[in-house]
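Novice: sequence and predicted structure below; questions after.
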Amino acid sequence: MTDEIINNATNYTTNATFAPSIAPTIPEDPEEVHESDAYTALILNITLIICVLLAYYVKANKVYCLPESAAAMLVGVVLGGMARLVLKDLTLWQFSPEFFFFVLLPPIIFEAGYSLKRKHFFENIWAITLYAMFGTLISCFIVGYLTFLVGKTGLIRDIDPDNPMEALLFGALISAVDPVATLSIMGSPELQCDQLLYSLVFGESVLNDAIAIVLFKTFRKYYDPEAPDFSQSEIPKALFEFVAMTVLSILVGVVLGLVASFIYKHSSLSDFPKLETSLLFLFCYLCYATAEAIELSGIMALFFNGIVLSHYNSYNLSREAHVTSEQIFATLATVTETMVFLYMGMGVFTGRFQKFDVLFTILAIIFCGIGRAFNIFPLSWIANLCRRRRQNRIPFKMQFVLWFAGLRGAIAFALSENMPGPNRETYATATLSICIFTTVVCGGFTEKILSRMGMKQGEVVYDDGIDYGRLLTAPIAAKRVSNSVYEGSKGIWKRFDDVYLKELFGGAHPGDNDDEDDLGDYELKLNLGHGSASDADSDSEEEFINGGENGQK
């Protein structure tokens, strides 16, 4: 019995550290463990403060060559290296996929949906869907089969040459685009980034992450390291499950969002702002936990849950709860995002990686570029076929920026940590290297690429893409454009939404436009030349302004 206890302690100690050590025969002192954890928490908290101050310095001094996410990642690399040299127990310094998915990720995803500029998102929904869904599938299979090919030829030994599903799993996880560094620069008001470009990059990123996770989970069900005789006839079945999981995840998010909105609409919760905010937070996490519990995509469900709550329930909240909830979610998203990049940087030294293939890492970066190219350029051509107005088309230079903005981030790395099979470490180290390279290098060149490709607008546009000066000086023209929304299928949906859904679940009504806060909702977000800064677009904007001035006269 004593020998068994000693053996168990030895195994635990060996697994908890990088180097083997002599196992203690008695448990560690709880007070010493608590003190060690307290010092770890103190150091991590100070590091987070440094990262936030760095973000402030980057924004205040317009240091576009070093995005905040890249700065946090580099700080993490330094801190992880110091921890590796000094400490033996690195448990609290390591990137935990479960902690990431259930604690750090939900606030980021919900805030993305809750603060979404719905007008720009939904008027480009078909192009965004092409990139996020079909583009992710294209990238997955191109990267996956190129990876399988180098394993089949024996160029890389740590790749299964018999089972292509392992390589497809890597293709799925590395297709998760996370352009946080790019968006942080594109969102700077002084850069005046093209609104169409920003909408496409942001829209693709929030849907692409969810699609990649669903695809990874689906392929994982069909992966068996012990059964290399994978039948490629099973791929259509896996893709069908992928589509079904996507649709059901969206449905869960929408339904739970409507349930929460109904409760707020038909109760007096607005009399108790603290309870309002608390319940809203719990409803959000309920959506994510429900989707994950029934093996759906929590990210997809939570993103659309945030859209529904923003569209309906934000008008059911008291003014105190409305402001407080937006600030809380934005603050949580900022802190958790910083923690994610910090831990990714620390993972360079604190990860338990024994395998690192430089050649495969270089090849994987090339494969990602090829897969991204087959995603963006052909699908942009298809998207342009459906865009009749020339000023709304996606020009080649914008397509190049979209290709360049395909950074990889925390979701790809977290999925690589959950990679099954004997070659997990090879894929994990390659993924981490790709994430660091794209975030630091590609993110740092974003501003120069925007300038070189002419993706900056000629006039100042606020973060939400609305020129409020025009709205105030051209009310009659604004009303005329607003009425045009009722044409076609959009008009049918809007009338149904106004007459039936908003009566049940809350929301802004056409007669509520006097409220200044409603300028954030899509009913008032007029498309004032969001597309490329072409001559045709400028002419249409000038005609719009003149029309407004004439209407006023």
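Specialist: Alright, I've got the coordinates.

Novice: ok, and what's touching stretch 334-342?
Specialist: Residues outside stretch 334-342 that contact it (CB atoms under 8 Å, 6 or more residues apart in numbering): 44, 47-48, 51-52, 55, 68-70, 72-73, 75-76, 79, 100, 103-105, 107-108, 180, 409-410, 439. In short, each C-beta sits where N, CA and C put it, glycine included.

Novice: can you flag the buried ones in those residues?
Specialist: The neighbour-count test (16 or more other CB atoms under 10 Å) marks 44, 47-48, 51, 55, 68-70, 72-73, 75-76, 79, 100, 104-105, 107-108, 180, 409-410, 439 as buried among those.

Novice: from the centroid of this protein, which residue is nearest?
Specialist: Val206 (4.2 Å; CA atoms, centre = their mean).

Novice: how about the nearest residue to that residue, chain neighbours excluded?
Specialist: Computed as CB to CB, 6 or more residues apart in numbering, the closest residue to Val206 that is not its neighbour in sequence is Ala112, at 5.0 Å.

Novice: what ranges does the stretch 151-300 of the chain have for its helices?
Specialist: Remark: helices assigned in the stretch 151-300 of the chain by DSSP state H, counting those that start in this stretch are 164-174, 180-186, 195-221, 235-265, 273-293, 298-311.

Novice: just put the ones you listed in a markdown table and tack on distance to Leu149 and mean pLDDT.
Specialist: Shown next, in a markdown table, are the helices of the stretch 151-300 of the chain (distance: least, CB to CB, whole Å; pLDDT from 0 to 100):
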| stretch | distance to Leu149 | mean pLDDT |
| --- | --- | --- |
| helix 164-174 | 8 | 91 |
| helix 180-186 | 30 | 70 |
| helix 195-221 | 18 | 86 |
| helix 235-265 | 17 | 89 |
| helix 273-293 | 34 | 92 |
| helix 298-311 | 30 | 90 |
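
Novice: re the thing from before, quick one: residues contacting the residue nearest to the centre of the chain.
Specialist: Here Val206 is in contact with 109, 112-113, 116, 303 (criterion: CB under 8 Å, 6+ apart).

Novice: in PyMOL, select just the buried ones from the residues you listed.
Specialist: Listed next is the PyMOL selection for buried residues among these, using 16+ other CB under 10 Å:
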select buried, resi 109+112+113+116+303
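
Novice: and the furthest pair within the contacts of Val206?
Specialist: Spatial extent of the contacts of Val206 (CB to CB) is set by the pair Ile109 and Leu116 at 11.0 Å.

Novice: between the two, which contacts overlap?
Specialist: Jointly contacting Ile109 and Leu116 under the rule CB under 8 Å, 6+ apart are 206, 306.

Novice: Val58 against Leu66, yeah?
Specialist: Yes. Using CB atoms under 8 Å, Val58 makes contact with Leu66 at a distance of 6.0 Å.

Novice: quick one: end-to-end length of stretch 342-356, please.
Specialist: One end of stretch 342-356 sits 21 Å from the other (CA to CA, to the nearest Å).

Novice: centre of the chain versus it, how much separation?
Specialist: On the basis of CA atoms, centre = their mean, to the nearest Å, stretch 342-356 sits 22 Å off its chain's mean C-alpha point.

Novice: in that stretch, which residues are buried?
Specialist: Result for stretch 342-356 [16+ other CB under 10 Å]: buried residues 342-351, 353.

Novice: same list (these) but as JSON lines, adding secondary structure and distance to Cys140.
Specialist: As requested, the buried residues of stretch 342-356 are arranged in JSON lines below (DSSP: H, G, I helix; E, B strand; the rest coil; distance: CB to CB, whole Å):
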{"residue": "Leu342", "secondary structure": "helix", "distance to Cys140": "29"}
{"residue": "Tyr343", "secondary structure": "helix", "distance to Cys140": "26"}
{"residue": "Met344", "secondary structure": "helix", "distance to Cys140": "22"}
{"residue": "Gly345", "secondary structure": "helix", "distance to Cys140": "27"}
{"residue": "Met346", "secondary structure": "helix", "distance to Cys140": "28"}
{"residue": "Gly347", "secondary structure": "helix", "distance to Cys140": "24"}
{"residue": "Val348", "secondary structure": "helix", "distance to Cys140": "26"}
{"residue": "Phe349", "secondary structure": "helix", "distance to Cys140": "30"}
{"residue": "Thr350", "secondary structure": "helix", "distance to Cys140": "29"}
{"residue": "Gly351", "secondary structure": "coil", "distance to Cys140": "24"}
{"residue": "Phe353", "secondary structure": "coil", "distance to Cys140": "24"}
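
Novice: show me which of those is closest to Ala373.
Specialist: Using CB to CB, Met344 comes nearest to Ala373 of the buried residues of stretch 342-356, at 25.5 Å.

Novice: for Cys435, see how far away that closest one is.
Specialist: Separation of Met344 from Cys435 (CB to CB, to the nearest Å): 6 Å.

Novice: between these two, which contacts overlap?
Specialist: 409-410, 413.

Novice: and stretch 128-138, what's its mean pLDDT?
Specialist: For stretch 128-138, mean pLDDT rounds to 91.

Novice: now that stretch - C-alpha only, CSV.
Specialist: Provided in CSV are the C-alpha atoms of stretch 128-138 (Å, rounded to 0.1, in the frame of the first residue of the first chain):
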residue,chain,number,x,y,z
ILE,A,128,-19.7,37.0,-44.7
THR,A,129,-21.4,33.6,-44.9
LEU,A,130,-19.4,32.7,-48.0
TYR,A,131,-16.1,33.5,-46.2
ALA,A,132,-17.0,32.1,-42.8
MET,A,133,-18.7,28.9,-43.8
PHE,A,134,-17.7,27.8,-47.3
GLY,A,135,-14.3,29.5,-47.0
THR,A,136,-13.6,27.7,-43.8
LEU,A,137,-14.5,24.4,-45.4
ILE,A,138,-12.2,25.2,-48.4
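
Novice: in this structure, which helix or strand is least confident?
Specialist: The least trusted helix or strand in the chain, going by mean pLDDT, DSSP states H and E, turns out to be helix 468-473, with a mean of 35.

Novice: now Leu66: phi and psi?
Specialist: phi -140, psi 90 (degrees, to the nearest 10).

Novice: so what's Ala260 closest to, chain neighbours aside?
Specialist: Phe283 (4.2 Å).

Novice: tally of neighbours for that neighbour?
Specialist: Neighbour count of Phe283, defined by other CB atoms under 10 Å: 19.

Novice: my guess is it meets Leu256, correct?
Specialist: Yes. Contact criterion CB under 8 Å: Phe283 and Leu256 qualify, at 6.9 Å.

Novice: so Pro422: helix, strand or coil?
Specialist: Counting by DSSP: H, G, I helix; E, B strand; the rest coil, the backbone at Pro422 sits in coil.
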